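[1] Give me a model of this one.
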Amino acid sequence: MIRPILFATALLSSASCTTAFAPAAASLTTTQQQQRRTSIQTLQMSEDSDEISSSPTQSKIQSLVDNNPVLLFMKGSKLFPQCGFSNTACQILQSYNIEFESVDVLADEEIRQGVKVFSQWPTIPQLYVCGEFIGGSDIMIEMYQSGELGEMIEKARADMV
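    Reported below is the predicted structural model:
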């Protein structure tokens with residue numbers, strides 16, 4: 001007799017909670033909903049970073065960044081990019097006729113997730129020049145158009161000699 005009453009009470013309380021909170025959720029603007037999703041993603045990323053930040057993966061990423069003046073974490077390879085953004089990033093770098101190292105994040109899931117934590121940037125591709133995180137393809141395009149990326153590449157070219 002107690003089990004059916006507890007079950008009925010649980011059903012009633014969960015239904016009333018849903019009804020009580022539904023209007024508030026429905027009244028959120030699109031911007032507020034996006035901000036909520038972003039904060040949830042940030043929280044998830046920070047939880048992941050606690051696990052990954054001291055891992056061998058982070059040491060490997062740091063070593064790659066330290067040892068390569070121009071480094072691109074991308075989907076695919078320089079010769080065969082696997083996404084449009086990675087392709088754009090490669091084309092920009094190739095326009096400077098500079099040697100650059102690329103890391104295919106599709107080949108290693110730990111690197112793929114670890115580089116996002118390392119840079120605190122959620123998307124790929126990611127460019128590093130002289131150990132400094134630059135950004136993704138959108139930022140590379142802006143910097144290419146303004147000439148700022150060319151100056152950084154020239155500095156990296158000088159460091160290679």
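[2] And the strands in this protein, which stretches?
    70-74, 101-104, 126-129, 132-135 (DSSP state E).
[3] tell me what the first one is packed against?
    This means strand 70-74. helix 84-94, strand 101-104, strand 126-129 (3 or more CB pairs under 8 Å, 6 or more residues apart in numbering; DSSP states H and E). Where C-beta positions appear, they are placed from N, C-alpha and C, glycine not excepted.
[4] Buried by neighbour count: which residues of the second one qualify?
    For strand 101-104, a neighbour-count test (16 or more other CB atoms under 10 Å) marks 102-104 as buried.
[5] Give me the contact list for it.
    Strand 101-104 has contacts (CB atoms under 8 Å, 6 or more residues apart in numbering) with 64, 68, 70-78, 82, 90, 111, 115.
[6] now do the first one
    Judged by CB under 8 Å, 6+ apart, the contacts made with helix 84-94 from elsewhere in the structure are 70, 72, 74-76, 78, 81, 100, 102, 123-125, 127, 136-137, 140-141, 144, 149, 153.
[7] residues contacting C130?
    Contacts of C130 (CB under 8 Å, 6+ apart): 69, 152, 155-156, 159.
[8] circling back: filter the contacts of helix 84-94 down to the buried ones, ChimeraX style.
    In ChimeraX syntax, the buried subset of the contacts of helix 84-94 is picked out as below (16+ other CB under 10 Å):
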select :70,72,74,75,76,78,81,100,102,124,125,127,136,137,140,141,144,149,153
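[9] Using PDB, write down the CA coordinates of stretch 88-98.
    Presented in PDB, the C-alpha positions along stretch 88-98 are these (Å, rounded to 0.1, in the frame of the first residue of the first chain):
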ATOM      1  CA  THR A  88      41.200  27.900 -45.400                       C
ATOM      2  CA  ALA A  89      43.800  28.000 -42.600                       C
ATOM      3  CA  CYS A  90      46.200  25.900 -44.700                       C
ATOM      4  CA  GLN A  91      45.700  28.100 -47.800                       C
ATOM      5  CA  ILE A  92      46.500  31.200 -45.800                       C
ATOM      6  CA  LEU A  93      49.700  29.800 -44.400                       C
ATOM      7  CA  GLN A  94      50.700  28.400 -47.800                       C
ATOM      8  CA  SER A  95      50.300  31.900 -49.300                       C
ATOM      9  CA  TYR A  96      53.300  33.000 -47.200                       C
ATOM     10  CA  ASN A  97      55.500  30.200 -48.600                       C
ATOM     11  CA  ILE A  98      56.500  29.200 -45.100                       C
END
